[in-house]
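3D model of this:
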Amino acid sequence: MPRHSETRHLSWSQEQMFDLVADIGKYHEFLPWVQAMRIRSIEGNVVTADMVVGFKMVRERFTSRVTLDRPRRVDVDYISGPLKYLTNDWIFRPAPGGGCDIDFSVDFEFKNKMFERLAGMFFAEAFRRMVASFETRAAAVYGPAVAAVSGSGISSSSATSAA
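Take a look at the predicted model:
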């Protein structure tokens, strides 16, 4: 089961980063492998959405319920698709001296063992590309990060991947 968690310090504000992550309808514009997004419903602070992810000949649709607690957290609960389960959480905290700290965690398991093995082989690289895509998007929307902060990158991280 691929699993990853980390904490990052970024120079953008807690509200800015929350808004960027919460704007799930635009993920197809900047996240690798996301081919389409469809918002099914919005009820208060809960969004139900479909995400179509594709890589080469593989294309899958996931449905998730996203709970938005502005500006503190985004929680993703898996509803349907090719996974046994998925948990994904973002926690945003204002950082002393400016910017924000983001705690991110994702844990999932595919129903199909072949997909599980493939995910285990490519998970670390795929995750790096996704994180870089969020940072690139933040710079495009809010302006470039402060050089001292972007040089520090990850303040702590742990990643495991088991196929």
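
can you report how many residues lie near the nearest residue to E15 once chain neighbours are set aside?
Leaving aside its sequence neighbours, E15 sits nearest to P71 (Cβ to Cβ, 6 or more residues apart in numbering; 4.5 Å). Just so you know, the C-beta spots here come from the backbone N, C-alpha and C atoms, and that holds for glycine as well. Counted by other Cβ atoms under 10 Å, the residues lying close to P71 total 18.

my guess is P71 contacts L20. True?
No: look at P71 against L20 with Cβ atoms under 8 Å: they stay out of range, at 11.1 Å.

returning to what we had before: please report phi then psi for the residue nearest to E15.
Main-chain dihedrals, P71, degrees, to the nearest 10: phi -100, psi 20.

and the gap between it and D107?
24 Å (Cβ to Cβ, to the nearest Å).

and what of L68?
Between L68 and D107 the computed distance is 20 Å (Cβ to Cβ).

which of those two has more neighbours?
L68 (20 against 15).

thanks again, I'm all set now.
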